[in-house]
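Participant: Could you work out the structure for the sequence below:
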Amino acid sequence: MKKLLIPLLLILFIGLSASAGCMMADSESQSAPMAAESVVVYDRNTAVESQVLYSDQKVIRDGWIRIQSKDARVASEEITAIAQRYNGRIQSLSLTSGGMMDGREQFSAHIVLRVPSDSFEAVMQEIESVGTLTQREVQSRDVTAEYTDLHAEKRALENQVNHLTDILGKAETVEEILKVQSAIDSAQQNLDRVTGRLKLLESQIDEATITVTVREGEPIGIDSGFSITSILNTGIAAFLFMIGIIIVAVFALLPLVVIGGIAWYIVKRGKS
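Facilitator: Numbers count the residues shown, from 1 in each chain. Predicted structure coming up:
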């Protein structure tokens with residue numbers, strides 16, 4: 001009986017081992033689809049979470065203003081002060097000379113401001129009061145969908161980089177390490193691109209852009225620069241112009257005078 005019991009126990013042990021191996025293989029084969037499914041669910045959840053977190057409307061606002069002013073330089077200083085009063089900043093400012101007119105030099109200014117979006121309308125109205133408004137244009141662009149998608153893509157790429165980094169720590173062969181590292185580099189490059197785009201978008205959302213063009217209008221009356229100085233300058237210019245004409249006339253007629261003098265001398269001598 002004991003001789004039969006030992007072989008039976010061995011057969012039972014081998015059978016249990018084989019069934020356990022099959023169960024482990026089945027569980028491993030099922031783990032991969034479950035992991036892939038969990039990743040898909042995570043991505044979907046990320047998109048849903050992003051829509052909840054960033055449900056507020058995201059708008060980029062741009063404005064363009066053209067005004068006429070008696071003095072473009074003074075107007076530029078006033079516009080700079082307006083931007084600073086609303087915690088804005090001057091992105092660029094250029095003054096261009098348009099030459100002399102009515103005895104004074106004419107200028108035009110081109111200014112680009114960045115101001116907080118919630119102060120956009122107030123700043124626009126104050127700038128319009130600096131001079132005479134000739135053109136006003138406002139453009140609003142809704143970027144809510146793009147903003148939400150970029151946040152979802154960023155979180156997914158961050159998760160991908162972390163997951164690949166864990167896999168890299170478990171890689172054994174050189175080939176595996178190179179493949180995983182290449183995938184990490186590609187994911188990191190995409191993450192940097194998305195992060196940069198997102199920062200630019202957030203900057204444009206937080207700060208509105210206002211472009212101002214200032215031109216000096218044609219002066220009228222006393223404020224036109226028509227002063228004693230301009231009268232004297234105009235008189236001196238006219239006097240010098242007449243002197244120039246006289247000099248040119250003298251040099252133009254001088255050969256005729258010389259020839260006429262010689263002819264008169266010859267005729268007079270012949271008569272005598």
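Participant: the strands in this structure, which residues?
Facilitator: 59-69, 89-101, 104-116, 132-142, 207-216 (DSSP state E).
Participant: Could you identify which of those is most buried?
Facilitator: strand 207-216 (a mean of 21; mean count of other CB atoms under 10 Å). All C-beta spots, glycine's among them, are computed from the backbone N, C-alpha and C.
Participant: And it, what does it pack against?
Facilitator: Helices and strands touching strand 207-216, by 3 or more CB pairs under 8 Å, 6 or more residues apart in numbering; DSSP states H and E, are strand 59-69, helix 72-85, strand 104-116, helix 120-128.
Participant: With distance to Thr234 and mean pLDDT added, can I get these in a markdown table?
Facilitator: What follows is the helices and strands packed on strand 207-216, written out as a markdown table (distance: least, CB to CB, whole Å; pLDDT from 0 to 100):
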| stretch | distance to Thr234 | mean pLDDT |
| --- | --- | --- |
| strand 59-69 | 25 | 95 |
| helix 72-85 | 24 | 94 |
| strand 104-116 | 12 | 91 |
| helix 120-128 | 35 | 95 |
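Participant: Mind putting these into a markdown table with distance to Tyr265?
Facilitator: Converted to a markdown table, the helices and strands packed on strand 207-216 look like this (distance: least, CB to CB, whole Å):
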| stretch | distance to Tyr265 |
| --- | --- |
| strand 59-69 | 68 |
| helix 72-85 | 66 |
| strand 104-116 | 56 |
| helix 120-128 | 79 |
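Participant: and of those, who's closest to Thr148?
Facilitator: In terms of CB to CB, the element of these nearest to Thr148 is strand 59-69, at 13.5 Å.
Participant: And the contacts of the closest one?
Facilitator: Strand 59-69 has contacts (CB atoms under 8 Å, 6 or more residues apart in numbering) with 75, 117, 120, 124, 127-128, 130-144, 201, 204-205, 208-217.
Participant: one more time with 7 Å
Facilitator: 75, 117, 120, 124, 127-128, 130-143, 204-205, 208-217 (CB atoms under 7 Å, 6 or more residues apart in numbering).
Participant: just to revisit the earlier point, go through the helices and strands packed on strand 207-216 and name the closest to Ile262.
Facilitator: strand 104-116 (52.6 Å).
Participant: I'd like to check the angle between that closest one and strand 207-216, please.
Facilitator: 170 degrees (axes from the mean of the first three to the mean of the last three CA atoms, to 10 degrees).
Participant: partners of strand 104-116, with directions?
Facilitator: The strands beside strand 104-116 in its sheet (DSSP bridges) come out as strand 89-101 (antiparallel), strand 207-216 (antiparallel).
Participant: okay, the ones you listed in JSON lines with mean pLDDT next?
Facilitator: Below are the strands paired with strand 104-116 laid out as JSON lines (pLDDT from 0 to 100):
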{"stretch": "strand 89-101", "mean pLDDT": "87"}
{"stretch": "strand 207-216", "mean pLDDT": "95"}
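Participant: To Ile79, which of the ones you listed lies closest?
Facilitator: The nearest among the strands paired with strand 104-116, by CB to CB, is strand 207-216 at 5.9 Å.
Participant: The closest one to helix 72-85, inter-axis angle?
Facilitator: Using the same axes, to 10 degrees: strand 207-216 against helix 72-85 is 160 degrees.
Participant: Could you check the pLDDT of the residue nearest to Glu202 when sequence neighbours are not counted?
Facilitator: Nearest residue to Glu202, sequence neighbours excluded (CB to CB, 6 or more residues apart in numbering): Tyr147, at 7.9 Å. Reported pLDDT at Tyr147 in the predicted model: 94.
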